[in-house]
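**Q** Got a predicted model here, sequence first, then my questions.
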Amino acid sequence: MNKYWKIIITSCLIWVTPFTTLSTAQEESSHRLSIDNAVRLAVKHNPDLESARLDVKRSDARVLEAWGYAMPSVDVSGQYAHFIDKPVTFFPDVFLYGFMKAIDSTIPKPTGKLVPVSFTPSFTASASVTVKQLLFNGAVIVGVGAAHVYSQLAGDLYQSKQVEIVTKVRKAYYSALLADEALNLMRSSLKNAEDNLKNVQLMRSQGIISEYDELRASVGVENVRPLVIQSETNYILALDVLRNTIGISSSAGIILTDSLSFLAVDDTLSARADELLPELNPSISAVRRQIDLNQAAISAERSNYLPTIAAFGSYQYQSSMNNFNFSTNDFYKSSMVGLSISLNVFQGLQTFARVQQAQVDKRKSEEQLNSLEKNLRTALHSIAGNLRQTRKRIEAQEKTVEMAEKGYKIVTTRFVNNAATQLEVNDAQLALTQSKVNRIQAIFDYLNASADLDQLLGRLPSSALETTEN
């Protein structure tokens with residue numbers, strides 16, 4: 001081999017090797033992401049879903065708080081006091097004269113003036129325990145049940161958010177697959193156009209075809225090239241949307257492992273969708289819980305007409321001394337138990353007005369439920385129609401692609417044998433590309449519609465359920 005060629009080849013290897021190594025390293029650091037893995041990651045990392053999960057924990061804490069109002073309360077207190085300046089009580093000296101005369105016979109006769117007298121010891125100490133148990137309070141009883149309903153409502157809202165996020169992830173993944181398929185299709189079209197151009201140039205050099213045919217072939221290549229660039233940009237944007245929906249870093253590399261393939265929806269599920277919708281849709285369940293909460297609010301307001309009954313008891317140790325020399329024998333105990341009953345007789349019609357407001361809120365929730373069910377049924381019928389339509393489109397486009405591929409092979413063979421024009425080749429190439437685009441678009445539309453159907457019925461893939469259980 002010529003030494004100059006050796007130098008050129010060695011230089012090329014020096015320049016190419018680092019880029020090859022970098023590409024390999026980037027591929028190794030990228031995540032191989034299937035649609036099931038994408039759903040698992042979203043359930044773990046999506047910020048909106050994490051917020052809904054925290055709401056569930058807060059609602060569970062509210063249930064415990066509601067039970068706390070029905071449990072006994074125990075208060076322990078202690079006090080020590082030293083009077084620097086004792087409080088005094090004023091008495092007329094006439095009341096004190098007889099007592100003081102027995103002690104001191106020289107005391108002057110009373111004049112009717114007020115004399116300050118203190119009966120307060122210098123030091124006091126006390127400790128007490130007070131227990132109170134609510135025996136009956138309508139608001140507390142209703143509140144415990146309402147707290148459970150609120151917890152269930154938070155669970156329904158979490159499920160609704162989870163189904164929504166999973167649907168978004170599935171659609172984002174399908175969009176990325178569609179962008180990938182479109183990119184591959186454009187690259188394949190560009191390669192076909194470039195191969196056709198090579199054949200045209202060869203035939204032109206042999207004088208078989210005219211310069212015009214060569215120009216048309218060149219224009220065909222240049223028309224496809226920007227489509228490839230646009231498809232690359234669309235694919236990058238689709239991956240960014242997928243990362244954001246999952247909740248992972250925007251710099252994380254992704255390699256899609258699934259393909260945009262047709263997955264038929266269970267016909268039994270489609271037939272029973274109308275029946276299953278009110279039972280499985282989490283949004284409908286959430287509004288029903290809201291109606292239950294409204295009913296609990298009505299009961300809670302009405303409970304203000306009822307009495308509140310509570311039992312209480314206290315136990316106390318106390319002592320008072322004029323010097324700080326307490327001992328255990330100086331403390332005296334006292335205890336008591338009792339029952340308290342309170343009943344509001346009149347609050348200026350406030351309770352009546354609050355009951356009416358709670359009843360109006362319940363009626364509003366019932367109207368909201370009716371409207372939601374109608375809208376969801378309309379959406380369900382639209383999705384069912386889309387599934388039927390896109391399935392027929394897929395079947396039709398499969399046949400169209402087969403015919404377009406066959407036509408393209410025929411016209412290219414005829415062109416090589418100088419029996420067809422470059423215009424016919426371009427038309428066949430365009431027809432083949434369009435038929436493939438229509439096929440993958442139909443599959444994409446069908447998968448999107450199936451994701452919408454699962455969202456309406458509150459269905460989650462097994463990957464999301466596994467993550468939730470863990």
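**A** Good, I have the coordinates.
**Q** how about the helices in the chain?
**A** 3-29, 35-45, 47-70, 93-103, 138-205, 211-246, 267-280, 282-302, 350-416, 422-456, 462-469 (DSSP state H).
**Q** closest one to Ser126 among these?
**A** Closest approach to Ser126 among those (C-beta to C-beta): helix 47-70, 27.9 Å. Using the backbone N, CA and C atoms, a C-beta is placed for each residue, glycine as well.
**Q** quick one on the thing from earlier: TSV please, covering the helices of the chain and showing mean pLDDT.
**A** Shown next, in TSV, are the helices of the chain (pLDDT from 0 to 100):
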stretch	mean pLDDT
helix 3-29	37
helix 35-45	87
helix 47-70	82
helix 93-103	64
helix 138-205	85
helix 211-246	88
helix 267-280	84
helix 282-302	87
helix 350-416	89
helix 422-456	86
helix 462-469	64
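**Q** Save these as JSON lines, and put in distance to Pro87 too.
**A** Shown next, in JSON lines, are the helices of the chain (distance: least, C-beta to C-beta, whole Å):
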{"stretch": "helix 3-29", "distance to Pro87": "81"}
{"stretch": "helix 35-45", "distance to Pro87": "67"}
{"stretch": "helix 47-70", "distance to Pro87": "39"}
{"stretch": "helix 93-103", "distance to Pro87": "18"}
{"stretch": "helix 138-205", "distance to Pro87": "41"}
{"stretch": "helix 211-246", "distance to Pro87": "72"}
{"stretch": "helix 267-280", "distance to Pro87": "73"}
{"stretch": "helix 282-302", "distance to Pro87": "46"}
{"stretch": "helix 350-416", "distance to Pro87": "42"}
{"stretch": "helix 422-456", "distance to Pro87": "74"}
{"stretch": "helix 462-469", "distance to Pro87": "67"}
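**Q** can you redo these as TSV with mean neighbour count?
**A** Conversion of the helices of the chain to TSV gives the following (neighbours: other C-beta atoms under 10 Å):
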stretch	mean neighbour count
helix 3-29	10
helix 35-45	20
helix 47-70	15
helix 93-103	12
helix 138-205	20
helix 211-246	17
helix 267-280	13
helix 282-302	20
helix 350-416	15
helix 422-456	20
helix 462-469	14
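**Q** nearest to Lys109, of these?
**A** Once the helices of the chain are compared by C-beta to C-beta, helix 93-103 is nearest, at 7.1 Å.
**Q** ok so, going back, so which of the helices of the chain gets nearest Gly313?
**A** Across those, Gly313 has its closest neighbour in helix 47-70 (17.7 Å, C-beta to C-beta).
**Q** now that closest one against helix 211-246, angle please.
**A** 20 degrees (axes from the mean of the first three to the mean of the last three C-alpha atoms, to 10 degrees).
**Q** ok, residues contacting helix 47-70?
**A** Residues from elsewhere that reach helix 47-70 (C-beta atoms under 8 Å, 6 or more residues apart in numbering): 42-43, 134, 137, 140-141, 143-144, 146-148, 150-151, 153-155, 157-158, 161-162, 165, 247.
**Q** Next one: the most centrally placed residue in the chain from Val56, what distance?
**A** Centroid check for the chain by C-alpha atoms, centre = their mean gives Leu49 as the closest residue, at 2.6 Å. Note on Leu49: its distance to Val56, by C-beta to C-beta, to the nearest Å, is 11 Å.
**Q** next one: Met186
**A** Met186 is 46 Å from Val56, by C-beta to C-beta.
**Q** now swap in Val221 and tell me
**A** When C-beta to C-beta is applied, the distance between Val221 and Val56 equals 58 Å.
**Q** again, but for Pro226
**A** Distance of Pro226 to Val56, given as C-beta to C-beta: 50 Å.
**Q** Over to Ala310?
**A** In terms of C-beta to C-beta, Ala310 sits 33 Å off from Val56.
**Q** now Trp67
**A** Noted for Trp67: a distance of 18 Å to Val56, by C-beta to C-beta.
**Q** Likewise for Ile84?
**A** Counting by C-beta to C-beta, the gap from Ile84 to Val56 is 56 Å.
**Q** next one: Glu275
**A** When distance is defined by C-beta to C-beta, Glu275 is 29 Å away from Val56.
**Q** need the contact list for Ala42.
**A** Contacts of Ala42 by C-beta under 8 Å, 6+ apart are Leu49, Ile165, Val166, Val169, Thr245, Ile246, Gly247.
**Q** How about Asn386?
**A** So Asn386 contacts Asp445, Tyr446, Ala449 (C-beta under 8 Å, 6+ apart).
**Q** ok, now which ones touch the closest residue in space to the first one that isn't next to it in sequence?
**A** Among residues not flanking Asp445 along the chain, Thr390 sits closest, at 4.6 Å (C-beta to C-beta, 6 or more residues apart in numbering). Neighbour list for Thr390: Ala442, Ile443, Asp445, Tyr446, Ala449 [criterion: C-beta under 8 Å, 6+ apart].
**Q** Please repeat the previous calculation with a cut-off of 7 Å.
**A** Ala442, Asp445, Tyr446, Ala449 (C-beta atoms under 7 Å, 6 or more residues apart in numbering).
**Q** which two in those residues are spaced the farthest apart?
**A** Within the contacts of Thr390, Ala442 and Ala449 form the most distant pair, 10.7 Å apart (C-beta to C-beta).
**Q** give the contact list for Ile309.
**A** In this structure, Ile309 makes contact with Leu135, Phe136, Ile341, judged by C-beta under 7 Å, 6+ apart.
**Q** any idea how far Asn137 is from it?
**A** For Ile309 relative to Asn137 (C-beta to C-beta), the value is 8 Å.
**Q** Can you add neighbour count and pLDDT and give the contacts of Ile309 back as a markdown table?
**A** As requested, the contacts of Ile309 are exported to a markdown table (neighbours: other C-beta atoms under 10 Å; pLDDT from 0 to 100):
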| residue | neighbour count | pLDDT |
| --- | --- | --- |
| Leu135 | 12 | 80 |
| Phe136 | 13 | 81 |
| Ile341 | 10 | 88 |
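**Q** need those residues in TSV with distance to Thr268, can you?
**A** Listed next are these as TSV, based on distance: C-beta to C-beta, whole Å:
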residue	distance to Thr268
Leu135	55
Phe136	52
Ile341	61
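**Q** Which of the contacts of Asn386 sits closest to Leu33?
**A** Of all the contacts of Asn386, Tyr446 has the smallest distance to Leu33: 21.6 Å, by C-beta to C-beta.
**Q** pretty sure that closest one is touching Arg391, no?
**A** Yes. At 6.2 Å, Tyr446 and Arg391 qualify as touching, with contact defined as C-beta atoms under 7 Å.
**Q** Tell me if I'm right that Gln368 and Val287 touch.
**A** Yes. Gln368 is within contact range of Val287, at 5.8 Å (criterion: C-beta under 7 Å).
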